[in-house]
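sequence? don't have it. structure:
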């Protein structure tokens, strides 16, 4: 039996045992195991915690052909949409392919989800996702779609690939990814130190200064492809720019690689790849074509380029890439982590990226960790291996803390909902400024998690139901303000001294607080939209919650609700 299958199956069992609340909606053990496997795969693929992955689940009757969905707003009017479908096999001795009929269904799902003119019969969770997507599309956003096919077996067969090719050949917006037990293990285990040899082409430049060394030169894309085959994503552990599949930049790289006229000029079109290591050596007496021996190699910028080179050369091996080169900067920085962080930050600052790990050693992050521990909670500054034991609700990932604080205490629910990838870059100082303490952070997380779970409940009130799937960030903000007003406190006055009192007020009154906040928000929407909500298209309501004017006009200074 495959060792990775055994390990992942044990993780599935542990997740079921330690977090039964995640699976209360499933009637039998097999469906619970399938959902647990899905959660582990999502957390690994998105590089997030299991407790975060729960919010992306849509699976169940009427899910529309996808079990989970992740939407990330990008720059230049693009959105990255990742859809997940899982096929879990209880027989661990089998090595079945991802089913061809499931691929065919996925193809039809994409055609339905990304065409605003098509109507789909969906459950509430899937309907919210599709409504959000349609709202973006009608606002002029262009979707970049990755469909992730998850199983504990092998990739789909040639018949399934034909379904993909026949429908999406020549459409760079759509990419299919296979993700299985081996990938879960690969993504969640600690990285080994990588020692490698890289062949530089032609004349390179080597210089020593400030007790550090650098080599600048040309490297064949075939060499990059070889490194990716040998070491995979472990090369990119320190690269803070996530690879989320196809997008406009990646497609430009791909087009250059496959265009016979442009391929030879790839070196001039690409920004290059930045690598760091603890030591490199070569025969510098040799005038050119250095073979550089490298210890503890990591790619800290250019991960998108490396992944796109790998995917393109894998899919089109018949092309001659011999004369296609890329600029490589190789820095020897010993084990000076602060220097590596500074280089990583600087070389990745062209556009918003996720700096969570880079920020994790900041003083304010360490203080939040210590303060949360003293209050009985575990604050996770860094992304860690995703095991069941890490998924308990007393554990607070810094990403969830940032999302909660931004929505509630920083009065920016519209940003918290749609700018997740910028929490630790663009909005970091806003979120973690003003001496944010652990008590304030935890209260925000408790409120946000409650509201996020509440949105899944249904009600017979059509007005409430019409907006509930979209409003949890706004409701959380209103509840936060109500708690401050009820207790006569400012945010700065919430400390460890009154933390228990503030938490008890919330816990004892959270259902009533939610009811009042929801009723108030519906009144605001009526006034804002001049219409009954239940008669409106869901896309219109979704679009409202991406705007600031409703926050500024109604919610920011809402009174104490009777």
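Okay, I see it. Given the structure is predicted, the values throughout are model-derived calculations rather than measurements.

spit out the contact partners of residue 104.
Contacts of residue 104 were listed using Cβ atoms under 8 Å, 6 or more residues apart in numbering, and they are 160, 163. Backbone N, C-alpha and C define where each C-beta goes, glycine included.

actually, residue 123.
Counting by Cβ under 8 Å, 6+ apart, the residues that residue 123 touches are 58, 60, 61, 62, 63, 64.

quick one, which of those are buried?
58, 63, 64 (16 or more other Cβ atoms under 10 Å).

excluding residues flanking it in the chain, which one is nearest the second one?
Meaning residue 63. Distances taken as Cβ to Cβ, 6 or more residues apart in numbering put residue 126 closest to residue 63, at 4.9 Å, once the chain neighbours are dropped.

quick revisit: as CSV, the buried ones among the contacts of residue 123 with pLDDT would be great.
Conversion of the buried ones among the contacts of residue 123 to CSV gives the following (pLDDT from 0 to 100):
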residue, pLDDT
58, 90
63, 83
64, 86
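
run through this protein and note the low-pLDDT ranges.
1, 73-77, 188-192, 210-211, 237-249, 334-355, 383-393, 434, 529-540, 547-549 (pLDDT under 70).

please repeat the previous calculation with a cut-off of 50.
Scanning the chain for pLDDT under 50 picks out 240-244, 349-354, 385-391.

find the nearest non-adjacent residue to the residue nearest the centre of it, please.
Nearest residue to the geometric centre of the chain (Cα atoms, centre = their mean): residue 46, 4.4 Å. Sequence neighbours aside, residue 70 is the residue nearest to residue 46 in space, at 6.0 Å (criterion: Cβ to Cβ, 6+ apart).

packing partners for the helix or strand encompassing the one you found?
Under the criterion of DSSP states H and E, residue 70 resides in strand 68-73. Judged by 3 or more Cβ pairs under 8 Å, 6 or more residues apart in numbering; DSSP states H and E, strand 68-73 is in contact with helix 29-45, strand 78-87, helix 124-138.

the stretch 251-400 of the chain: helices as residue ranges?
Assigned helices in the stretch 251-400 of the chain, in chain order: 266-269, 303-315, 337-347, 356-359, 363-374, 398-408 (criterion: DSSP state H, counting those that start in this stretch).

buried ones in the fifth one?
Burial within helix 363-374, assessed by neighbour count using 16+ other Cβ under 10 Å, is assigned to 364, 365, 367, 368, 369, 371, 372.

likewise for the second one?
For helix 303-315, burial by neighbour count (16+ other Cβ under 10 Å) applies to 303, 304, 305, 306, 307, 308, 309, 310, 311, 312, 313.

how about the residue in the chain that sits furthest from its center?
residue 285 (46.4 Å).

distance from the longest strand seen in the chain to the middle of the chain?
Looking across the chain with DSSP state E, the single longest strand is strand 196-209. On the basis of Cα atoms, centre = their mean, to the nearest Å, strand 196-209 sits 35 Å off its chain's mean C-alpha point.

burial count for residue 294?
Close neighbours of residue 294, defined as other Cβ atoms under 10 Å, add up to 22.

pretty sure it sits against residue 276.
No - if you go by Cβ atoms under 8 Å, residue 294 and residue 276 don't touch, sitting 9.7 Å apart.

need the residues touching each of these two.
In contact with both residue 294 and residue 276: residue 330, using Cβ under 8 Å, 6+ apart.

please report how far residue 426 lies from residue 47.
Counting by Cβ to Cβ, to the nearest Å, the separation of residue 426 from residue 47 is 19 Å.

residues contacting stretch 485-498, please?
371, 374-375, 409, 434-435, 437-440, 443, 484, 501-502, 505, 559-560.

quick one: end-to-end distance for stretch 466-479.
Taking Cα to Cα, to the nearest Å, the first and last residues of stretch 466-479 lie 20 Å apart.
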